[in-house]
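> I'll drop the sequence and a predicted model, then ask my questions.
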Amino acid sequence: MNTSNDKKAVELSLEELAQLGNGALSYIREIEGRDVIRMVGPQAQIAPDAKLFCLFNANGSPISISGSHEAAVGSAVEHELIPISLH
């Protein structure tokens with residue numbers, strides 16, 4: 001019996017990552033207003049320290065920005081995506 005706790009990392013390209021779950025997987029991450037400004041540009045009317053939630057495609061591209069985790073989950077459902085939990 002192998003009792004080793006060694007885990008091997010799997011490296012995926014952005015294209016391979018985007019195809020996980022046939023493109024149906026997404027993830028939600030808490031972001032700050034400064035992240036929104038970086039993604040959208042200076043026209044974003046948001047405080048830099050605001051706490052928001054962003055729905056990302058499996059390849060890391062942002063899909064939507066919400067004011068709550070629940071709203072981000074709703075956005076995933078609306079886009080017919082499955083949000084997964086990342087730790």
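Okay, I see it.
> Pick out the residue nearest the middle of this structure.
Nearest to the mean C-alpha position of the chain, by CA atoms, centre = their mean, lies residue 56 at 3.2 Å.
> Show me what the helix or strand harbouring that residue is packed up against.
Per DSSP states H and E: residue 56 is located in strand 51-57. Contacts defined by 3 or more CB pairs under 8 Å, 6 or more residues apart in numbering; DSSP states H and E place strand 51-57 against strand 25-32, helix 33-40, strand 62-66, helix 69-78. For glycine as for every other residue, the C-beta is placed from the backbone atoms N, C-alpha and C.
> Let's have those in CSV, adding mean neighbour count.
Output for these, formatted as CSV (neighbours: other CB atoms under 10 Å):
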stretch, mean neighbour count
strand 25-32, 18
helix 33-40, 16
strand 62-66, 17
helix 69-78, 16
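> Look up how far residue 81 lies from residue 74.
11 Å (CB to CB, to the nearest Å).
> Same check on residue 59?
From residue 59 to residue 81 the distance is 12 Å (CB to CB).
> of those two, who's got more company?
residue 81 (21 against 17; other CB atoms under 10 Å).
> what sits opposite the closest residue to that one other than its chain neighbours in the beta ladder?
Excluding the flanking residues, the one nearest residue 81 by CB to CB, 6 or more residues apart in numbering is residue 26, at 4.1 Å. In this entry, residue 26 is beta-bridged to residue 57, residue 83, by DSSP bridges.
> Check what pLDDT residue 26 gets.
Note on residue 26: pLDDT of 91.
> residue ranges with poor pLDDT in the chain?
Scanning the chain for pLDDT under 70 picks out 1-5, 12, 14, 17-23, 85-87.
> Repeat the analysis, applying 90 as the threshold.
For the chain, the stretches with pLDDT under 90 are 1-25, 42, 57-61, 82-87.
> Identify the residues contacting residue 81.
24-26, 55, 57, 63 (CB atoms under 8 Å, 6 or more residues apart in numbering).
> quick one: which of the residues you listed is nearest residue 6?
Using CB to CB, residue 25 is the member of the contacts of residue 81 that lies nearest residue 6, at 26.4 Å.
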